[in-house]
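Engineer: dropping the sequence and predicted coords here.
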Amino acid sequence: MRKDICGKAPPRPGLDSPGFPGSWASVSARISSQTSTMGVRDLDWFFWTTFLGFAVSVQCVTRAEFFPFGESAGDQVLEPGSDQTHRLGLDRPLLFYDGTFDSIYINTNGFVATSEPSGESSYLGNMPPKFGIIAALQGDLDTSDGVGRVFYRQDSSPDVLRQAADHINRAFPEDDEVSPTHAAVVTWVGVATQEAPSRGDGIDTRRNTFQLVLASLETASYAVVLYARDGVQFTSTPVGDRPMVMHSGFSKGLVRGFLFSSQGPYYRTSTDDEASVQALAEETNSGLRGVWVYEIGTSPYFSNVAPGEVTDLPTEEEHGASNQRRPFDGQQVEYPPYGSEGEQIQIHSVQYQPHQPDNPEVVVVDDTDINVDVFFVQPRNVCEQQEEVFPVRRLSGLQRRLLLPL
């Protein structure tokens with residue numbers, strides 16, 4: 001099982017494990033091996049150097065680094081219970097996939113919807129749903145005990161917009177800097193499972209805390225999702241008589257055609273493996289552990305959800321330096337096949353690959369008014385002849401290169 005390198009409790013997984021690279025056991029062993037050759041002063045220096053090096057290497061976002069939340073920040077509180085929903089009208093529209101939305105629906109179960117969601121029995125254990133969804137960490141959650149709460153608000157204050165811009169610009173270092181003009185902040189604090197299974201492992205005392213910020217400007221919208229170091233204490237919730245792994249990701253929802261309806265694109269940021277949910281607090285695509293940034297809508301053209309591109313985790317000394325862009329790795333976008341509204345939806349995974357097709361042709365375009373998203377599309381004999389899509393960054397400047405497969 002994955003060890004939580006961010007040091008969440010209870011218990012302290014990893015820190016007391018002899019196999020963990022930065023565990024107290026390994027620190028003690030290294031100190032013992034140096035005792036015979038070091039003086040007391042050298043030994044003291046070695047201990048503190050090792051300890052500080054370990055502390056720096058596991059830097060994670062904390063709740064104090066969340067966007068301000070709570071009643072003191074002007075938040076409203078979602079009604080206690082399970083599967084509670086509140087419609088929030090937006091002062092500025094949200095761009096999601098190729099749609100524009102003047103309101104969002106905030107739900108207890110760890111997500112925001114773009115239309116009024118159906119009852120939880122229709123989507124728990126049966127993702128993606130028929131409605132558009134932005135899932136920070138979706139599961140069967142409950143706040144009726146008075147401990148867990150869901151806070152939400154709109155915010156256009158300079159401090160919040162600056163904080164959103166910092167996360168977005170750090171995640172997309174090669175893009176032009178953006179300055180959001182509006183944000184919606186939703187924070188799930190201390191939420192528990194609706195019915196904790198009696199497995200004797202104390203899951204009923206574990207609580208999750210995470211935050212979703214939807215930041216928009218005139219031509220684009222972004223989702224910033226934050227998971228604190230102790231914010232993911234359980235990774236599955238009971239559905240019926242079995243536990244189901246929690247979901248995070250984006251789905252356009254049901255797309256209605258002239259004759260048939262089909263499920264739109266479903267972009268997953270976690271998988272059906274519990275370790276992928278735990279990794280949300282331990283990894284990143286924005287350069288800061290536990291913080292994930294996605295471009296979720298653009299106007300006038302949109303192709304697909306674009307993840308942040310800084311998966312490097314700088315040490316404290318490198319925190320202020322520029323992060324090197326790395327290829328996208330490990331997340332999934334899923335395209336269910338077309339079918340009638342009443343048919344069972346089957347989902348086929350299509351995995352992004354951090355490489356490009358062979359022998360691309362480069363076409364140089366001098367027109368500075370062109371602003372397009374470019375994709376490689378190469379047929380592969382996988383997932384019942386689904387197509388594999390390779391993202392290419394949006395191009396800008398006096399000359400734009402359109403890369404097309406031969």
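Structural biologist: Here it is on my side, so go on.
Engineer: the stretch 1-150 of the chain: helices as residue ranges?
Structural biologist: 24-35, 40-57 (DSSP state H, counting those that start in this stretch).
Engineer: what's around Leu254, how many residues?
Structural biologist: 17 (other Cβ atoms under 10 Å). The C-beta positions use only the backbone N, C-alpha and C, and glycine is treated the same way.
Engineer: I'd say it and Gly264 touch.
Structural biologist: Yes - counting by Cβ atoms under 8 Å, Leu254 touches Gly264, with 6.9 Å between them.
Engineer: point out where the chain drops to low pLDDT.
Structural biologist: By pLDDT under 70, the low-scoring segments of the chain are 1-59, 195-204, 314-406.
Engineer: got the domain ranges for it?
Structural biologist: Following automatic domain parsing, one gets these domains for the chain: 1-58, 63-353, 355-406.
Engineer: neighbouring contacts of stretch 294-302?
Structural biologist: If you take Cβ atoms under 8 Å, 6 or more residues apart in numbering as the criterion, stretch 294-302 is touched by 94-100, 134, 172, 214, 218-223, 225, 250, 269, 285, 305-308, 371-373.
Engineer: I'd like to know which of those are buried.
Structural biologist: 94-97, 99, 134, 172, 214, 220-223, 225, 250, 269, 285, 305-308 (16 or more other Cβ atoms under 10 Å).
Engineer: who touches stretch 90-104?
Structural biologist: Against stretch 90-104 from outside (Cβ under 8 Å, 6+ apart): 87-89, 112-114, 132, 134, 154, 156, 181-182, 184, 214, 216, 219-221, 250, 252, 264-265, 296-299, 302, 305.
Engineer: could you pick out the buried ones from those residues?
Structural biologist: 112-114, 132, 134, 154, 182, 184, 214, 216, 220-221, 250, 252, 264-265, 296-298, 302, 305.
Engineer: who's in contact with Thr62?
Structural biologist: Residues in contact with Thr62 (Cβ under 8 Å, 6+ apart) are Ala228, Arg229.
Engineer: what about it, distance to Val291?
Structural biologist: Distance, Thr62 to Val291, by Cβ to Cβ, to the nearest Å: 11 Å.
Engineer: for Ser122, which non-adjacent residue is spatially closest?
Structural biologist: Once flanking residues are discounted, Ser122 sits nearest to Pro129: 6.7 Å by Cβ to Cβ, 6 or more residues apart in numbering.
Engineer: tally of neighbours for that neighbour?
Structural biologist: 22.
Engineer: for Trp292, same thing?
Structural biologist: If we define neighbours as other Cβ under 10 Å, then Trp292 has 24 of them.
Engineer: specify the beta-bridge partners of it.
Structural biologist: According to DSSP bridges, the partner residues bridging Trp292 are Val225.
Engineer: please report how far it lies from Arg92.
Structural biologist: For Trp292, the distance to Arg92 - Cβ to Cβ - is 22 Å.
Engineer: likewise for Ala223?
Structural biologist: Counting by Cβ to Cβ - Ala223 and Arg92 are separated by 15 Å.
Engineer: got the contact list for Gly253?
Structural biologist: Gly253 neighbours (Cβ under 8 Å, 6+ apart): Thr114, Ser115, Pro128, Pro129, Lys130, Phe131, Gly132, Ile133, Gln263, Gly264.
Engineer: so which of the residues you listed are in strands?
Structural biologist: Ile133, Gln263 (DSSP state E).
Engineer: now the contacts of Gly253 in JSON lines, please, with extra columns for distance to Pro68.
Structural biologist: What follows is these, written out as JSON lines (distance: Cβ to Cβ, whole Å):
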{"residue": "Thr114", "distance to Pro68": "25"}
{"residue": "Ser115", "distance to Pro68": "28"}
{"residue": "Pro128", "distance to Pro68": "31"}
{"residue": "Pro129", "distance to Pro68": "30"}
{"residue": "Lys130", "distance to Pro68": "34"}
{"residue": "Phe131", "distance to Pro68": "29"}
{"residue": "Gly132", "distance to Pro68": "27"}
{"residue": "Ile133", "distance to Pro68": "25"}
{"residue": "Gln263", "distance to Pro68": "37"}
{"residue": "Gly264", "distance to Pro68": "34"}
